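J.: Here you go, sequence then predicted model.
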Amino acid sequence: MGTWFGLPLSAKADPVWIEFKVGTHTVRALMALPSGPGPHAAVIYNHGTAVRKNGYTRAKKRGYDVAGYVKALADAGYVAFAPIRSHLSSANYKTAIVRGVETVQAAIGYLKSRPDVDSTRIGAVGFSEGGLVTLWSAIDGAELKAIVLMSPATIKGAGDKQLKAAVQKSIVKRITIPIFLTVGINDNRSILKVTQKKLIPNLQTNGPPFTYKTDYPGDHKWFWKVRPNHFKDLKAFFIKYLSGSNT
């Protein structure tokens, strides 16, 4: 069994830290590999503002379990990759979204460089600010096959990169890949309003293949941890749209 950038190529592994380049920045990411020979489909996990602003360790102490998502995705059969956008900790919201999309593009490039990744089967899941980053990545044509939006943040301070801008009919028409939206029944009011009045109807009539579920039994922070009933739906979506002999 060989190695690639310090990781075993074909062995089930708990999340480990790796580094990759985003422009001139060296960015850390949590990564885990599934068992089996591969090449495997891959899923990028884009975290929320709590991790970007406070750092991975402080967010973890507050209960945000990024590693749990990485491990769950790897256990489900995917190469799981979670860039930690600490290099954007002091960025304003618009810059954080724009540079977050750049981070996703760099993550895709890194994953495509790995022989254990099927470069045609890369998806992404994003929570809160990470959901907005994931949505704009799809709008801007990132080479993703499917995305999950977990309670995408509205973020008025992001200007023309806020959720209200992303969900306009003329914008969602630019998305060509399947989308699964998940929202908690007690989620932030602004998220409930924009997703129900704009995102859902506009994606249903103007966008790509689209499914949604908005009655998960929790608030915004409920998605900080892997929840079995939610992850089951996420996994079913990726099985459908990242299908292949190794997933």
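T.: Sure thing, it's come through.
J.: Could you use CA atoms for every contact and neighbour count after this?
T.: Noted.
J.: tell me, which helix in this structure spans the most residues?
T.: Within the chain, and with DSSP state H defining each element, the longest helix by residue count is helix 93-112.
J.: Dump the C-alpha coordinates for it into CSV.
T.: The C-alpha trace of helix 93-112 is given here as CSV (Å, rounded to 0.1, in the frame of the first residue of the first chain):
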residue,chain,number,x,y,z
TYR,A,93,-18.6,38.7,4.6
LYS,A,94,-18.5,39.4,0.9
THR,A,95,-14.8,38.7,0.8
ALA,A,96,-15.3,35.5,2.9
ILE,A,97,-17.8,34.2,0.3
VAL,A,98,-15.7,35.1,-2.8
ARG,A,99,-12.5,33.7,-1.3
GLY,A,100,-14.5,30.7,0.1
VAL,A,101,-15.4,29.9,-3.5
GLU,A,102,-11.7,30.1,-4.4
THR,A,103,-11.0,27.7,-1.6
VAL,A,104,-13.6,25.2,-3.0
GLN,A,105,-12.0,25.5,-6.4
ALA,A,106,-8.6,24.8,-4.9
ALA,A,107,-10.0,21.8,-3.0
ILE,A,108,-11.4,20.4,-6.2
GLY,A,109,-8.0,20.8,-7.8
TYR,A,110,-6.3,19.0,-4.9
LEU,A,111,-8.8,16.1,-4.9
LYS,A,112,-8.4,15.7,-8.7
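J.: Following the chain past that helix, name the next helix or strand.
T.: strand 117-127 (DSSP states H and E).
J.: and I18, what helix or strand is that in?
T.: The secondary structure element spanning I18 is strand 16-22 (assigned by DSSP H and E).
J.: Mind giving me the packing neighbours of that strand?
T.: strand 25-32, helix 93-112 (3 or more C-alpha pairs under 8 Å, 6 or more residues apart in numbering; DSSP states H and E).
J.: Try it again at 6 Å.
T.: Packed against strand 16-22, as judged by 3 or more C-alpha pairs under 6 Å, 6 or more residues apart in numbering; DSSP states H and E, are the following elements: strand 25-32.
J.: which residues sit against the longest helix of the chain?
T.: V22, S119, V133, S137, G157, A158 (C-alpha atoms under 6 Å, 6 or more residues apart in numbering).
J.: mind listing what's buried in that helix?
T.: Of the residues in helix 93-112, 93-94, 96-97, 99-112 count as buried by neighbour count, 16 or more other C-alpha atoms under 10 Å.
J.: Specify the angle between it and strand 25-32 in degrees.
T.: Note on geometry: by axes from the mean of the first three to the mean of the last three C-alpha atoms, to 10 degrees, helix 93-112 and strand 25-32 are set 60 degrees apart in direction.
J.: Closest one of the contacts of helix 93-112 to V183?
T.: Distance to V183 across the contacts of helix 93-112 (C-alpha to C-alpha) is lowest for V133, with 16.3 Å.
J.: and that closest one, how many residues sit next to it?
T.: The burial count assigned to V133 is 32, neighbours taken as other C-alpha atoms under 10 Å.
J.: Show the contacting residues for it.
T.: I97, G100, V101.
J.: any idea how far the residue nearest to K173 when sequence neighbours are not counted lies from L199?
T.: Using C-alpha to C-alpha, 6 or more residues apart in numbering and skipping residues adjacent in sequence, the residue nearest K173 is G207, 5.1 Å away. When distances are taken as C-alpha to C-alpha, to the nearest Å, G207 and L199 turn out to be 10 Å apart.
J.: now do N229
T.: The gap separating N229 from L199 is 23 Å, by C-alpha to C-alpha.
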